[in-house]
Every structure is written in C-alpha cells, then in structure tokens.
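Student: Just a sequence and a predicted model for now, questions to come.
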Amino acid sequence: MIKFERTGFTTYRLNPIIGQTTTASSMSPDSQTNIIGSSASSPYNDTITSPPPYSPHTSMQSPIPSVPSNTDYPGDYGFTISFSQPSKETKSTTWTYSESLKKLYVRMATTCPIRFKCLRQPPQGCVIRAMPIFMKPEHVQEPVKRCPNHATSK
C-alpha cells in the first residue's frame, strides 16, 4: 500500500498500476480485489494442509538409475553397510577400508567382504547390489580401474 499526502487530504493506493484512489475511511484490508475490479474469490484459503509423506520408494520396481547413489540412506529398514578390518594390515593385505576417509582400497582382482545389515527384516526376495564408484560427480559413471601408475605392474 502506498500513502500519498496532499494538503488536507490523504489517499491510499493499493495497486500503483491501476490509478484508483480512495480515502482511508472506506478502505478495508481485504478490498484490494474490489479495487482491481476482479470479482473472483481468492485461490488461497485458511486451511493448513501438509504434503504427503515423502518416500523415495514406490510399490513399483524403479528402473536402474544411470548414476549410482553415493549418499547414506538407511531407508525404512535401517540399512547399513560395513567392512571388517583384515586381521593383519601388512603390505600383502588385499584390501583396507578407511573409516575416517570413507574409502575402500582394494588390490586388483581380489575379493573384499562387505557386510550388510538391516534393523528390520527386508521383503522376501529383495536383492542387494554393491558397486564400487568414484566419489567425485564428474567421475561417477567411469568404471573403477587400476591407477595408470600401477596398471603395468603386477
């Protein structure tokens, strides 16, 4: 609302684009619609509604994403993944997991035990797939291979 003062007379303009003016005594807070000339009621109402609860899963099986997720999401079943540390960390250790860096280091062509845990029993027939990926978004679709410095050595 814009207030204009002239000598002995005050006018209020709610919509400066439309040049209608009125006195303060006849103005009510809800009368802007009438000034503009619209007879339509407001599309807004006073009832408060909340959006439906968010669930990233639906009852339909979703297609395989083109970019695998690299975020922790326990979901409805309290899903976690972990790696046990090898009994002895030596130069011949085939894999190690850094808890502080959240990175897994694996020797080429060796297996690495992965532990999956759920707080609730998952649905019958569910499948868990683990896939190593790079953490940087620009490299996430590239396959994880041996670094060039060590690719020629065995």
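Tutor: Now that the structure is in, tell me what you want to look at. Numbering: from 1, shown residues only.
Student: For the protein, spot the helix or strand the model is least confident about on average.
Tutor: The weakest-scoring helix or strand in the chain, judged by mean pLDDT, DSSP states H and E, is helix 32-36 (a mean of 47).
Student: who does whichever helix or strand comes after that helix pair up with?
Tutor: Note on helix 32-36: by DSSP states H and E, the next helix or strand toward the C-terminus is strand 80-82. With DSSP bridges as the test, strand 80-82 is paired with strand 115-117 (antiparallel).
Student: Show residues contacting the strand it pairs with.
Tutor: Residues outside strand 115-117 that contact it (CB atoms under 8 Å, 6 or more residues apart in numbering) are 78-84, 128, 130. Placement of C-beta: from N, CA and C, glycine included.
Student: Next, give me the two most distant ones among the residues you listed.
Tutor: 78 and 84 (19.3 Å; CB to CB).
Student: domains in the chain, as residue ranges please.
Tutor: Domain segmentation of the chain under automatic domain parsing yields 2-36, 66-154.
Student: For stretch 110-122, buried residues please.
Tutor: Buried residues in stretch 110-122, counted by 16 or more other CB atoms under 10 Å: residue 112.
Student: which regions of this structure sit below the pLDDT cut-off?
Tutor: Within the chain, the stretches with pLDDT under 70 are 1-68, 86-90, 140, 146-154.
Student: My understanding was that residue 85 contacts residue 97; is that so?
Tutor: Yes - using CB atoms under 8 Å, residue 85 is in contact with residue 97, at 7.0 Å.
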